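Asker: would you be able to build a 3D model of this:
(one chain, ligands or ions: 1)
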Amino acid sequence: MTDRRRLPVVAVVGAPNVGKSSLVNRILGRRRAVVAEEPGTTRDRGYARAEWAGREFLLVDTGGMEPSARMGLEALVTLQARIAVEEADVIVHLTDARTGPTEADAAIARELLRSRAEVVLAVNKLDDPADESERYRFYSLGEGEPHPVSALHGLGVGDLLDEVVARLPEAAPPEAAELPGIAIIGRPNVGKSTLLNRLLGEQRAVVSEAAGTTTDVVESEVEVQLDGGRERFALLDTAGVGKRTHRAQGVPYYSALRTAEAIRRSSVALLVVDAAEGLVAGDLQLARQVEEAGRSLGVLLNKRDLVPPERLREVQEQAAARLPDLKPPVLGVSALTGAGVGEVLPFAARINRAFNLRVRPHELAEYVNHLAARSAPPRGVKLRYATQTGTAPPRFTLFATRPGDLPESYLRYIENALRERYGLQGVSLRLKVKSSR
Ligand code: GDP
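Answerer: I've put the predicted structure just below:
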């Protein structure tokens, strides 16, 4: 599996209607740019994996920017676009030759120049890319050389990508970044800090200030004993325990940013929930954020000391019902007394195994045959075979004759059986059906 944390991020940013999505599509559509949907990222945020000149990166389309009466990035962008800007290593600031440089372009330029990212200026919709005078006007933005492009016709995009790739940071040294991440997330006051202190207290943790992040996600290396073996992980702390308090520590914008960053860098997110409150709307929202990001999820029911023992089962049932595509496992703990805390990392390590599951093709085919024999699909539909098409999270494709006639309930049957057999709790299991002739 490739390590997501090592992929540099390139964001395309600009005022509305300058052609951001066209440019992104153009970059992704080019023959030499190898594109694959990045499993760990959400479609909404428009992340895709791209490669140019042998360098891989995540390309982010910040299509969510909205016009606003007030100027400045603050007013122009949605939270998601801002997260993209904060995460980015290189930002392509796209402008429109027909209208710009506008006040909005200038406001965005001022903000971008303050970010830690490298900024590359691109000018779209030039009628005549050879006409230097047209693009020279954009030097006034102070972002250096304006690169002429036509997102629509693909002109200049290769040169722009050459410039982007030249500014990508060197890949991080592998030993620092290759550990799978466990993110501790949760609403305020559920006990994240207390839990982290306990977890880190038990370990001789190596706390590293993750280089180059602006979001204060602190990473500590931890070791887990599981089934006689040892596995190492990076524990990703969104509570800010390992670090001096950020001046904006409690500000919701920063904690949302930290959570998004920790989820992105994780394989497993552990959602800490207050047992006295149960699984409330805010918890479910975070769980769905993890699911959308294609990561795996475990629920830690903290403050168990405050509730009767049967609360655990209630929350387990609630979690399975409300998050049917993940069916996250739930572990009861008390960060305060330490009860169950020793189980937390093995719990996460097990989820991580399920997340990275690879089933041998032969075995999978046999098992699906067995399922079809136990409960046959509707008349006229034949299951030919099943194959695993991806991992982290695991994806499966079922080949059938007349797949359109397979009811949803039958797919659920197969999904549930696979989940049960391979211990896929907390992992979004994606099953596709394709036609076989
Ligand atoms: P955070 O905002 O998620 O980091 O939450 P904190 O770790 O700061 O905890 C919030 C409050 O809950 C503090 O007063 C903790 O002492 C308390 N707390 C945390 N874990 C437990 C627990 O397991 N049991 C009880 N009774 N209280 C807890």
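Asker: got any ranges where the stretch 201-350 of the chain has weak pLDDT?
Answerer: 202-216, 240-254 (pLDDT under 70).
Asker: residues of it that sit close to the ligand?
Answerer: 239, 302, 303, 305, 306, 334, 335, 336 (Cβ under 6 Å from any ligand atom). For every residue, glycine as well, the C-beta is placed using N, CA and C.
Asker: so which of those residues are in helices?
Answerer: Applying DSSP state H to these, no entry is found in helices.
Asker: can I get those residues in JSON lines with neighbour count?
Answerer: Output for these, formatted as JSON lines (neighbours: other Cβ atoms under 10 Å):
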{"residue": "239", "neighbour count": "25"}
{"residue": "302", "neighbour count": "26"}
{"residue": "303", "neighbour count": "23"}
{"residue": "305", "neighbour count": "14"}
{"residue": "306", "neighbour count": "13"}
{"residue": "334", "neighbour count": "21"}
{"residue": "335", "neighbour count": "25"}
{"residue": "336", "neighbour count": "16"}
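Asker: next, the buried residues of the one helix or strand residue 348 maps to.
Answerer: Residue 348 belongs to helix 344-355 when assigned by DSSP states H and E. Buried residues in helix 344-355, counted by 16 or more other Cβ atoms under 10 Å: 344, 345, 347, 348, 349, 350, 351, 352, 353, 354, 355.
Asker: now the residues of the stretch 201-350 of the chain next to the ligand as CSV including distance to residue 320?
Answerer: Converted to CSV, those look like this (distance: Cβ to Cβ, whole Å):
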residue, distance to residue 320
239, 27
302, 19
303, 21
305, 24
306, 23
334, 23
335, 24
336, 27
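Asker: wait, what's in contact with residue 8?
Answerer: 55, 57, 58, 89, 90, 168, 169 (Cβ atoms under 8 Å, 6 or more residues apart in numbering).
Asker: hey, where'd the strands end up in the stretch 301-437 of the chain?
Answerer: Secondary structure of the stretch 301-437 of the chain by DSSP state E, counting those that start in this stretch: the strands cover 330-332, 383-390, 395-400, 430-435.
Asker: tell me which of these is the most buried.
Answerer: Ranked by mean neighbour count, the strands of the stretch 301-437 of the chain are led by strand 330-332 with a mean of 22 (mean count of other Cβ atoms under 10 Å).
Asker: so which elements touch that strand?
Answerer: Counting contacts by 3 or more Cβ pairs under 8 Å, 6 or more residues apart in numbering; DSSP states H and E, strand 330-332 is packed against strand 296-302, helix 311-322.
Asker: any idea of the angle the last one forms with strand 296-302?
Answerer: Counting by axes from the mean of the first three to the mean of the last three Cα atoms, to 10 degrees, helix 311-322 lies at 150 degrees to strand 296-302.
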